[in-house]
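Engineer: Requesting a structural model of the entry that follows:
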Amino acid sequence: MQAPSIGGVMLPRGKGETIRLSRGASLTDFAEKINANPASLVQVMFNLGEMVTATQSVSDETLNLLGDEMNYTVQIVSPEEEDRELLESFDIEFGEDEGGEEALVSRPPVVTVMGHVDHGKTRLLDAIRKTNVIEGEAGGITQHIGAYQVSIDVNGEDRAITFIDTPGHEAFTAMRARGAKSTDIAILVVAANDGVMPQTIEALNHAKAAEVPIVVAVNKIDVEGADPAKVRGQLTEFGLVAEEYGGDTMFVDISARQGTNIEGLLEAVVLTADAALDLRANPSQDAQGIAIEAHLDRGRGAVATVLVQRGTLRVGDTMVVGDAHGRVRAMLDDTGRNLGEAGPSTPVLVQGLTNVPGAGDNFLVVGEDRTARQIAEKRAARERNAAFAKRTRRVSLEDLDKVLKAGEIQQLNLILKGDASGSVEALESSLLQLDVGEGVDLRVLHRGVGAVTETDIDLAAGSDAIVIGFNVRAEGRATQAAEREGVDVRYYSVIYQAIEEIEAALKGLLKPEFEEVELGTAEIREVFRSSKLGNIAGVLIRSGEVRRNTKARLVRDGKVIAENLNIEGLRRFKDDVTEIREGFEGGINLGNFNDIKIDDVIATYEMREKPRA
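Structural biologist: Next up, the predicted model:
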């Protein structure tokens, strides 16, 4: 008996059966499920008006279209379910505490601070840290690892609290939502003089979606016009009723600037955790948790800040973080101390990974390096296929270029590089959400962590892309390559500025009057101390020329350390000079700025008037 003909192709027709396929599956994967020839499915898709190869990753819409034609119900497996099935194939259970009730011990609550921009989230986090910093500890040096742990005395008992230091404004919506999923309690910061604002409501919705208790910190009670009672009344409309009004939400009046009642806020967090949550975990099993942040460090390689959610992470453990894996070489806390182990709710900076994972990736400890490598490779392949299949979001551009003005459909290609994976992801998400109509594809060709490289420039040159560097600069000969190839490289240190300028360019509204022109770069070879002038950089001019009284920025390991510096002094041997050209050595004084190190790069530039387009 012959199989039914579909579009002129003889294929076994389904009877409404469900086929489970992963994101980015190919026609070959589909054919294996229904025991058919992949070439026949290629012909079916051709008859449906789509040119698809047998091994090409296709979108969910294409798989559903083929399923409808073949009378099959296509079920796209979610990333979470796909990952769970992958781990089950290695006999690994993720997200569950091993053992019974007797194996569980109490753990500190994990807290995320949310709220509207400029309501004091960052200042509050700084104030909490300052109340817990021990002078002289680890040389008094702290480092930003994306999370830290503090302690507070509650009813004579020393209690720890872990804070996830996620950026708070709307550009990092994805990171904040992810932070809430790994969070036990959310602190909602509301300024007493401003009251409830749009981002306050957005943050509140994130916390409610994650089903976490909320403690409201009414900040800026020391400023003119502060009205804490008004804030309590406004939030009542959104279901947050203060305890003094008969509700179950704790409101704490604070001043992050003055450091007022910070301990009261921490105590409220502990009391809320005790009343509403059962925070326990098994510290004896293999560690599992989540990556909060990750970046590439030139001296230490790929490093990631991870939050241990259950089990104990130890130096020497083999771990998988997203599509990265490796053996833990060292662990540091936010004070720079080396740790041998980290228990539940403890955030640590981990060294020893093969590559930079994504913010929000799950991590787990496995018994063998081979197992870790296999899991990481399968995850990487899955993400790669999904990326290939993902269709770019259509947005409109008005007056981007002359061709677009003529009415032709165009595509704006972008390459994103940043100092941390979470920042790059948030920037990409925000750019792809720009909604200005239809007509043009906005496509992110590549995103990565680290300095802009020649490879990025080559990719941009071959695909007419714009390179965006967020808190990073070009390294090596990338700048010269960009100039040679005519690639537009834009640098930003504020994510709002990047989003606004790209959106303005899409709408044809961006008409800059000035442009930044690089004058020269100098590599610091020595640092000389002067009691009168401070630190003086002994430099070799690597490119262009360095002039006195021009603007400069300091770049360390491809990352911008300081902006808006001035070349206040320039010397050749014992003589003051106005400029030093490429290939010559000299001394540079950056005025009051003294945080310079050997191998740092001083990049000088000036702003030149640019004709309006």
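Engineer: Only C-alpha atoms from now on, for both contacts and neighbour counts.
Structural biologist: Noted.
Engineer: From Arg542, how far out is Gln480?
Structural biologist: Between Gln480 and Arg542 the computed distance is 12 Å (CA to CA, to the nearest Å).
Engineer: Show the pLDDT at Arg443.
Structural biologist: For Arg443, the pLDDT comes out at 79.
Engineer: ok, what's across the strand from it?
Structural biologist: Asn413 (DSSP bridges).
Engineer: Correct me if wrong: it contacts Glu428.
Structural biologist: No - at 9.6 Å, Arg443 does not count as touching Glu428 under the criterion of CA atoms under 8 Å.
Engineer: With neighbour numbers in mind, choose between Gln480 and Arg542.
Structural biologist: Arg542 (20 against 15; other CA atoms under 10 Å).
Engineer: Low-confidence ranges, the stretch 401-550 of the chain, go.
Structural biologist: 401-411, 435-441, 505-513 (pLDDT under 70).
Engineer: how about a cut-off of 50?
Structural biologist: Applying pLDDT under 50 to the stretch 401-550 of the chain flags residues 401-409, 509-511.
Engineer: Show me where it has its helices.
Structural biologist: Ranges of helices in the stretch 401-550 of the chain, per DSSP state H, counting those that start in this stretch, are 402-405, 421-432, 454-463, 478-485, 495-506.
Engineer: and what of the stretch 101-250 of the chain?
Structural biologist: 121-130, 173-181, 198-209, 228-236.
Engineer: Of these, which shows the lowest average pLDDT?
Structural biologist: Across the helices of the stretch 101-250 of the chain, the lowest-scoring stretch is helix 173-181, with a mean of 48.
Engineer: Three-state assignment for Val306, please.
Structural biologist: Look at Val306: counting by DSSP: H, G, I helix; E, B strand; the rest coil, its state is strand.
Engineer: tell me what the longest helix along the chain is packed against?
Structural biologist: If you go by DSSP state H, the chain has its longest helix at helix 369-389. Packing partners of helix 369-389 (3 or more CA pairs under 8 Å, 6 or more residues apart in numbering; DSSP states H and E): helix 79-88, strand 318-321, strand 324-332.
Engineer: Please compute how far it lies from its chain's middle.
Structural biologist: 20 Å (CA atoms, centre = their mean, to the nearest Å).
Engineer: What of stretch 90-103?
Structural biologist: 29 Å.
Engineer: Kindly report the same for stretch 594-612.
Structural biologist: 26 Å.
Engineer: list the buried ones in that stretch?
Structural biologist: Residues of stretch 594-612 classed as buried by neighbour count (16 or more other CA atoms under 10 Å): Ile596, Lys597, Asp600, Val601, Ile602, Ala603, Thr604, Tyr605.
Engineer: Please report phi then psi for Arg581.
Structural biologist: phi -90, psi 170 (degrees, to the nearest 10).
Engineer: right, and Ala522 touches Gly544 too?
Structural biologist: No - counting by CA under 8 Å, Ala522 does not reach Gly544; the two are 9.0 Å apart.
Engineer: if you count what's nearby, which of these two comes out ahead?
Structural biologist: The neighbour count for Ala522 versus Gly544, taken as other CA under 10 Å, is higher for Ala522 (31 against 16).
Engineer: For the more buried one, give its distance to Glu61.
Structural biologist: 52 Å.
Engineer: and if you look at Leu339?
Structural biologist: In terms of CA to CA, Leu339 sits 48 Å off from Glu61.
Engineer: neighbour count winner among the two?
Structural biologist: Legend: neighbour count by other CA under 10 Å for Leu339 and Glu61, higher for Leu339 (15 against 12).
Engineer: Tell me who's in contact with the more buried one.
Structural biologist: Val315, Ala330, Met331, Leu332, Asp333 (CA atoms under 8 Å, 6 or more residues apart in numbering).
Engineer: switch the cut-off to 6 Å
Structural biologist: Met331, Leu332 (CA atoms under 6 Å, 6 or more residues apart in numbering).
Engineer: partner residues bridging it?
Structural biologist: Under the criterion used (DSSP bridges), Leu339 bridges to Met331.
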